[in-house]
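A.B. asks: Sequence and predicted model, in that order:
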Amino acid sequence: MEQVQGFFSFLWDNLMQFAEFTGFANATWGHIAMILVALGFIALAIIKEYEPLLLIPIGFGIIIGNIPFVPGFQLGVYEEGSVMNYLYFGVIKGVYPPLIFLGVGAMTDFSALISNPKLMLIGAAAQLGIFGAYIAALQLGFTPSEAGAIGIIGGADGPTAIFLSSRLAPELLGAIAISAYSYMALVPVFQPPVMRLLTTKKERVIRMKPPRQVTQMEKILFPILGLLLTAFIVPSGLPLLGMLFFGNLLKESTVTKRLADTAKGPMIDIVTILIGLTVGASTQATTFLTTKSLGIFVLGAISFIVATAGGVLFVKFFNLFLKEGNKINPLIGNAGVSAVPDSARLSQMVGLEYDKTNHLLMHAMGPNVAGVIGSAVAAGILLSFLY
């Protein structure tokens with residue numbers, strides 16, 4: 001009888017010990033809240049088709065990162081030696097962002113920018129959101145390094161945000177990355193009201209001259225000259241700028257098609273999966289849910305709105321110096337942020353609402369790709385005096 005009682009006592013103790021290690025026993029309201037956020041991301045990706053290639057990996061990563069567990073079993077993304085920690089290495093050391101830029105370069109056509117170089121100025125003007133958020137973050141008590149990392153959210157460029165925050169404020173990397181990718185996905189929500197508010201009906205129907213035909217030699221020379229110009233000005237942006245222009249040269253040279261196809265296909269897909277999943281997993285409620293994280297989301301939204309407004313208002317200002325027939329439709333000003341090609345498509349969609357025959361997509365791609373270069377240059381500038 002005593003042996004039976006001892007067996008049941010042993011079994012009960014083991015069951016109780018097992019129960020202590022389950023997610024149910026270790027769950028907090030923070031974990032539940034983050035899992036609900038993750039489900040919201042996945043729903044937006046599937047139902048609204050908002051950046052599904054980003055939001056689904058990030059959303060599922062948030063769920064992985066918020067399964068409660070007892071520390072010490074090498075499970076979490078922050079636990080040294082865990083599988084997730086090894087995958088997260090590419091984020092914290094800035095390995096993944098340059099690989100993303102390589103793929104972006106290989107799939108980007110810079111013809112619209114080459115044919116109308118003044119559109120580069122719109123991409124530069126949209127970086128106003130970055131420096132505006134930087135100043136605002138300083139006023140709210142963030143350190144200069146933290147403020148610089150937060151400000152880059154205004155460029156609507158997730159890889160650049162990860163690259164910069166991994167160097168300036170690694171402790172805020174999760175919040176900054178989630179914020180940047182969230183606002184990239186919410187381009188169709190944030191930008192149209194700003195575009196309509198800051199433009200008149202007359203401005204929205206401005207017709208622009210068709211872009212000129214760009215020669216193949218110009219396309220080949222652009223990434224070489226672009227790298228020399230930008231990297232000599234901002235050497236600290238070399239990892240991003242170098243890979244962006246290298247990817248574009250692979251595409252435009254026409255003799256490295258296999259490499260270009262790999263960069264813009266399987267490679268960027270693999271890196272997108274890894275960066276989305278690990279960034280999502282970094283949002284463990286125990287380390288992520290802080291007042292700083294909330295402040296980052298608010299500042300990120302403000303910087304994104306300011307960046308959109310900066311691009312639109314710059315076009316309106318620039319038009320004061322252009323003759324009739326050469327004016328720029330300010331609806332393409334929103335494309336100065338580097339959310340390629342979503343912002344450019346949005347310029348087209350909003351423009352068609354006011355003139356069904358006025359196609360702005362090709363024109364908007366100019367400032368859109370300029371925004372990619374501009375955000376990398378801005379990151380290099382911030383890194384050069386804050387690192």
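C.D. replies: Looks like it came in fine.
A.B. asks: name the element residue 231 belongs to?
C.D. replies: Taking DSSP states H and E as the definition, residue 231 sits inside helix 216-233.
A.B. asks: The nearest residue to residue 103 once chain neighbours are set aside and residue 54: what is the separation?
C.D. replies: Distances taken as C-beta to C-beta, 6 or more residues apart in numbering put residue 268 closest to residue 103, at 2.9 Å, once the chain neighbours are dropped. Every C-beta, even on glycine, is put in place using the N, C-alpha and C of the backbone. Distance of residue 268 to residue 54, computed by C-beta to C-beta, to the nearest Å: 12 Å.
A.B. asks: In terms of secondary structure, what does the helix or strand containing residue 296 contact?
C.D. replies: Here residue 296 sits within helix 291-319, counting by DSSP H and E. Other elements packing on helix 291-319 under the criterion 3 or more C-beta pairs under 8 Å, 6 or more residues apart in numbering; DSSP states H and E are helix 120-125, helix 128-139, helix 144-151, helix 173-185, helix 187-197.
A.B. asks: List the buried residues for the second one?
C.D. replies: Residues 128-134, 136-138 are the ones in helix 128-139 that count as buried (16 or more other C-beta atoms under 10 Å).
A.B. asks: Beyond the helix holding residue 296, next helix or strand please.
C.D. replies: Assigned by DSSP H and E, the successor of helix 291-319 is helix 342-354.
A.B. asks: now that next one against helix 291-319, angle please.
C.D. replies: Calculated by axes from the mean of the first three to the mean of the last three C-alpha atoms, to 10 degrees, helix 342-354 forms an angle of 50 degrees with helix 291-319.
A.B. asks: Show me how far stretch 306-321 is from its chain's centre.
C.D. replies: Taking C-alpha atoms, centre = their mean, to the nearest Å, the mean C-alpha location of stretch 306-321 is offset from the chain mean by 22 Å.
A.B. asks: can you check stretch 130-150 too?
C.D. replies: 18 Å.
A.B. asks: what residue is smack in the middle of the protein?
C.D. replies: Nearest residue to the geometric centre of the chain (C-alpha atoms, centre = their mean): residue 158, 1.9 Å.
A.B. asks: Enumerate every residue touching it.
C.D. replies: Contact analysis of residue 158 by C-beta atoms under 8 Å, 6 or more residues apart in numbering lists 54, 177, 180-181, 184, 275.
A.B. asks: With neighbour count, pLDDT and distance to residue 79 as new columns, can those be given to me in a markdown table?
C.D. replies: Shown next, in a markdown table, are those (neighbours: other C-beta atoms under 10 Å; pLDDT from 0 to 100; distance: C-beta to C-beta, whole Å):
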| residue | neighbour count | pLDDT | distance to residue 79 |
| --- | --- | --- | --- |
| 54 | 21 | 89 | 25 |
| 177 | 26 | 88 | 19 |
| 180 | 30 | 87 | 25 |
| 181 | 27 | 85 | 24 |
| 184 | 25 | 82 | 29 |
| 275 | 28 | 94 | 19 |
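A.B. asks: now those in CSV, with distance to residue 322?
C.D. replies: Listed next are the contacts of residue 158 as CSV, based on distance: C-beta to C-beta, whole Å:
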residue, distance to residue 322
54, 37
177, 39
180, 33
181, 36
184, 31
275, 41
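A.B. asks: just these now: which is nearest residue 107?
C.D. replies: Distance to residue 107 across the contacts of residue 158 (C-beta to C-beta) is lowest for residue 54, with 15.3 Å.
A.B. asks: Can you give me the buried ones in the strand or helix carrying that closest one?
C.D. replies: If you go by DSSP H and E, residue 54 is part of helix 52-65. Residues 52, 54-65 are the ones in helix 52-65 that count as buried (16+ other C-beta under 10 Å).
A.B. asks: Distance from the chain centre to it, please.
C.D. replies: Its chain's C-alpha centre and that of helix 52-65 lie 14 Å apart, by C-alpha atoms, centre = their mean.
A.B. asks: So which elements touch the next helix or strand after that helix?
C.D. replies: As assigned by DSSP H and E, the chain's next helix or strand after helix 52-65 is helix 83-92. For helix 83-92, the elements it packs on are helix 158-168, helix 173-185, helix 268-281, judged by 3+ C-beta pairs under 8 Å, 6+ apart.
A.B. asks: Least reliable of the ones you listed by average pLDDT, please.
C.D. replies: Per-stretch mean pLDDT for those is lowest at helix 173-185 (a mean of 86).
A.B. asks: Show me what that helix packs onto, helices and strands only.
C.D. replies: helix 52-65, helix 83-92, helix 144-151, helix 158-168, helix 268-281, helix 285-288, helix 291-319.
A.B. asks: gap between that helix and the chain center?
C.D. replies: Per C-alpha atoms, centre = their mean, the centroid offset for helix 173-185 relative to its chain is 6 Å.
A.B. asks: could you measure the nearest residue to residue 348 once chain neighbours are set aside against residue 200, distance?
C.D. replies: Spatially, and ignoring its direct neighbours in sequence, residue 348 is nearest to residue 361 (4.1 Å; C-beta to C-beta, 6+ apart). According to C-beta to C-beta, residue 361 stands 22 Å off from residue 200.
A.B. asks: Out of these two, name the residue with the larger neighbour count.
C.D. replies: Taking other C-beta atoms under 10 Å, residue 361 and residue 200 do not tie; residue 361 has more neighbours (19 against 10).
A.B. asks: From residue 283, how far out is that one?
C.D. replies: Residue 361 sits 35 Å away from residue 283, going by C-beta to C-beta.
A.B. asks: what's residue 256 in contact with, if anything?
C.D. replies: Residue 256 makes contact with 249-250 under the criterion C-beta under 8 Å, 6+ apart.
A.B. asks: phi, psi of residue 101?
C.D. replies: The phi/psi pair for residue 101 (degrees, to the nearest 10) reads phi -60, psi -30.
A.B. asks: What score does it have for pLDDT?
C.D. replies: Looking at residue 101, its pLDDT is 96.
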